[in-house]
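>>> below are the sequence and a predicted model; questions follow.
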Amino acid sequence: MNELSLPQLMGFVATHPVALPIYLIVAAMLFVLGIMACMLRRNAIGILIGIEIILNAAILNFMAFWRFRGGLDADPTMSGPMFGVFIIVLAACEAAVALAILLNLYFNFGSVEVDKIQQMKH
Amino acid sequence: MNSEAANVALTGWQGANIAFWIITIVVLVSAFFAALSRSIVQAAFALFFCLLGIAGYYVLLGSAFLAVTQIIIYVGGILVLLMFGILLTNRPLQRDLPYSPWLYALVCLSGLLLLAAIETVIMMAPWTQAATISAPASDVRPIGNMLLTKYLLPFELAGITLLLCLVGAAYLVRRRER
């Protein structure tokens, strides 16, 4: 079992172009980090941050698949960036409405900790 | 490797390669802090670097338009909105309680399991890649053409949704007369 030294690793990085599975793995790591944030956080805004990370992982997947299928030449309908633009627009909608709801929760309950908010009407 | 040799080597995809790995380190470290840092303000600042790094990915993947959109809307809009939300709902004397170690262990374990499952699928799939991948060209003109032809209906629907959401958000946070 030869161990991988740092120069060998650098040599590998310098001689192999970044391929599709590497992008997919990075996006999977981002997705899992977002899921972990959603599970761990008590603050509702922290959960929102987790959702933003998940959305970005999804856009990264769309973009990577679009690019490694051939990019602009193979797919002139720009499906990858188009998905990204629409996801970003919907994320903006979602963040605005979620923060409005959270501000109302804060006015009514004095906290945005999701553990403490257990009734729908105050 | 001396600097001149490095400059010679930095043509074509190799420069993009080095940029990719630098961006990857930035994105993963900042996403880690954004997801798991105890202080919510710290998490928002880490999310800033994470989103900027992902904009760098979009440049490497050949869509400068999406990168600029990401910076303007995500970093300039959504993140500022999140910071406002954090600062408006944080009590000054509220301490960030530590998470219970059991919850922490459970979350880390399930996260690692999920990651292992996804990566197994990615590694087992027989990926084929397009033989020639076009060099990144300007993508603003095709995006504009497509938005007003093929994607016209989603474009209009997204605009209406955005309008409704913003009006609804303003309505939700209005000052109520008691």
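Arrived safely, thanks for sending. Small disclaimer: the values here were computed from a predicted structure and weren't measured. Residues are numbered from 1 along each chain as shown, chains lettered A, B, ... in the order given.
>>> hey, let's count contacts and neighbours off CA atoms from now on
Noted.
>>> okay, now the unreliable bits of chain A?
A:1-4, A:9, A:12-16, A:121-122 (pLDDT under 70).
>>> give me the buried positions along the longest helix belonging to it.
Determined from DSSP state H, the single longest helix within chain A is helix A:79-109. By neighbour count on 16 or more other C-alpha atoms under 10 Å in any protein chain shown, the buried set for helix A:79-109 is A:79-100, A:102-106.
>>> tell me what that helix is packed against?
Under the contact criterion of 3 or more C-alpha pairs under 8 Å, 6 or more residues apart in numbering or on different chains; DSSP states H and E, helix A:79-109 touches helix A:44-68, helix B:64-69, helix B:79-89, helix B:152-172.
>>> just the ones you listed: most buried one?
Most buried of the helices and strands packed on helix A:79-109 by mean neighbour count (mean count of other C-alpha atoms under 10 Å in any protein chain shown) is helix A:44-68; its value is a mean of 23.
>>> next secondary structure after it?
helix A:71-74 (DSSP states H and E).
>>> report whether that next one contacts chain B.
Yes: using C-alpha under 8 Å from any C-alpha of the partner chain, helix A:71-74 reaches chain B at A:Gly71, A:Leu72, A:Asp73.
>>> mind listing what the spatially most central residue of chain B touches?
Nearest to the geometric centre of chain B sits B:Leu51, at 4.0 Å (C-alpha atoms, centre = their mean). Contact analysis of B:Leu51 by C-alpha atoms under 8 Å, 6 or more residues apart in numbering or on different chains lists A:Asn56, B:Val27, B:Gln70, B:Ile71, B:Tyr74, B:Val75.
>>> next one: B:Ser30
Listed by C-alpha under 8 Å, 6+ apart, the contact set of B:Ser30 reads B:Ala46, B:Leu47, B:Phe49, B:Cys50.
>>> verify the contact between B:Leu28 and A:Phe31 for me.
No: using C-alpha atoms under 8 Å, B:Leu28 makes no contact with A:Phe31, being 10.8 Å away.
>>> looking at those two, which one has more neighbours?
Neighbours were counted for B:Leu28 and for A:Phe31 using other C-alpha atoms under 10 Å in any protein chain shown; A:Phe31 has more, 25 against 20.
>>> that one - nearest residue in space that isn't next to it in sequence?
Computed as C-alpha to C-alpha, 6 or more residues apart in numbering or on different chains, the closest residue to A:Phe31 that is not its neighbour in sequence is A:Ile54, at 4.8 Å.
>>> quick one: that neighbour and A:Leu30 touch, right?
Yes: applying C-alpha under 8 Å as the test, A:Ile54 and A:Leu30 come out as touching, 6.6 Å apart.
>>> how about the nearest residue to residue 47, chain neighbours excluded?
All of this is about chain A. A:Cys38 (4.6 Å).
>>> nope, chain B
B:Ala34 (5.3 Å).
>>> using CSV, write down the CA coordinates of the helix or strand hosting that neighbour.
Per DSSP H and E, B:Ala34 falls inside helix B:13-36. Extracted in CSV, the C-alpha atoms of helix B:13-36 (Å, rounded to 0.1, in the frame of the first residue of the first chain):
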residue,chain,number,x,y,z
TRP,B,13,-7.7,23.7,-18.3
GLN,B,14,-4.8,23.6,-15.7
GLY,B,15,-5.4,27.2,-14.5
ALA,B,16,-9.1,26.4,-14.2
ASN,B,17,-8.1,23.2,-12.4
ILE,B,18,-6.1,25.1,-9.7
ALA,B,19,-8.9,27.6,-9.4
PHE,B,20,-11.4,24.7,-8.9
TRP,B,21,-9.5,23.2,-6.0
ILE,B,22,-9.0,26.6,-4.3
ILE,B,23,-12.7,27.4,-4.7
THR,B,24,-13.6,23.9,-3.4
ILE,B,25,-11.6,24.4,-0.2
VAL,B,26,-13.2,27.8,0.4
VAL,B,27,-16.7,26.5,-0.3
LEU,B,28,-16.5,23.4,1.8
VAL,B,29,-14.9,25.0,4.8
SER,B,30,-17.3,28.0,4.7
ALA,B,31,-20.3,25.7,4.2
PHE,B,32,-19.2,23.7,7.2
PHE,B,33,-19.2,26.8,9.3
ALA,B,34,-22.5,28.0,7.8
ALA,B,35,-24.1,24.7,8.6
LEU,B,36,-22.7,23.8,12.0
